[in-house]
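Engineer: Predicted model and sequence follow; I will ask about them next.
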Amino acid sequence: MSKRSVLTFALVLAAGAFAPLYAQDAAPAGAASIEVIRWSIITAGFALAFAAAFGSLAQGRGIAAASEAIARNPSAAGDIRGALIIGLVLIESLVIYVLLISLILFFLRPFG
């Protein structure tokens, strides 16, 4: 097992072990507590930040790899460019999906 796998497993295990600490009393029927709304907004913000950060890293790596491939074989530039654009669109769509979910959590408040 790699060091990264062990670290990921330990973090997931720790998150599961501490989850009962965040348990709350039941809210009245039809009303969400302010804590649920607050944490949904905070979670949406962190999700958007992670999606934007890792999406931009993935786009940078994709552009670097495409530039290197075009430099090695300039005659394949058209094919590489097409694959690059499709890849960038798919990466950016994931960030846009996270943005939409964040906006739904922020404005529509599905929990209350």
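Structural biologist: Looks like it arrived, so ask away. Numbers count the residues shown, from 1 in each chain.

Engineer: in the host helix or strand of A65, what counts as buried?
Structural biologist: Take DSSP states H and E as the rule and A65 turns out to sit in helix 34-72. Neighbour-count burial for helix 34-72 flags S40, A44, L48, A51, G55, A58, Q59, G62, A66, A69, I70 (criterion: 16 or more other CB atoms under 10 Å). (Each C-beta comes from the backbone N, C-alpha and C, glycine too.)

Engineer: can I get the residues you listed in JSON lines with pLDDT and distance to G16?
Structural biologist: Formatted as JSON lines, the buried residues of helix 34-72 follow (pLDDT from 0 to 100; distance: CB to CB, whole Å):
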{"residue": "S40", "pLDDT": "81", "distance to G16": "20"}
{"residue": "A44", "pLDDT": "85", "distance to G16": "22"}
{"residue": "L48", "pLDDT": "88", "distance to G16": "24"}
{"residue": "A51", "pLDDT": "89", "distance to G16": "23"}
{"residue": "G55", "pLDDT": "90", "distance to G16": "27"}
{"residue": "A58", "pLDDT": "91", "distance to G16": "28"}
{"residue": "Q59", "pLDDT": "92", "distance to G16": "32"}
{"residue": "G62", "pLDDT": "93", "distance to G16": "34"}
{"residue": "A66", "pLDDT": "94", "distance to G16": "40"}
{"residue": "A69", "pLDDT": "94", "distance to G16": "42"}
{"residue": "I70", "pLDDT": "93", "distance to G16": "46"}
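
Engineer: how about CSV for these, with distance to E92 added?
Structural biologist: Output for the buried residues of helix 34-72, formatted as CSV (distance: CB to CB, whole Å):
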residue, distance to E92
S40, 24
A44, 19
L48, 13
A51, 10
G55, 7
A58, 10
Q59, 7
G62, 11
A66, 15
A69, 20
I70, 21
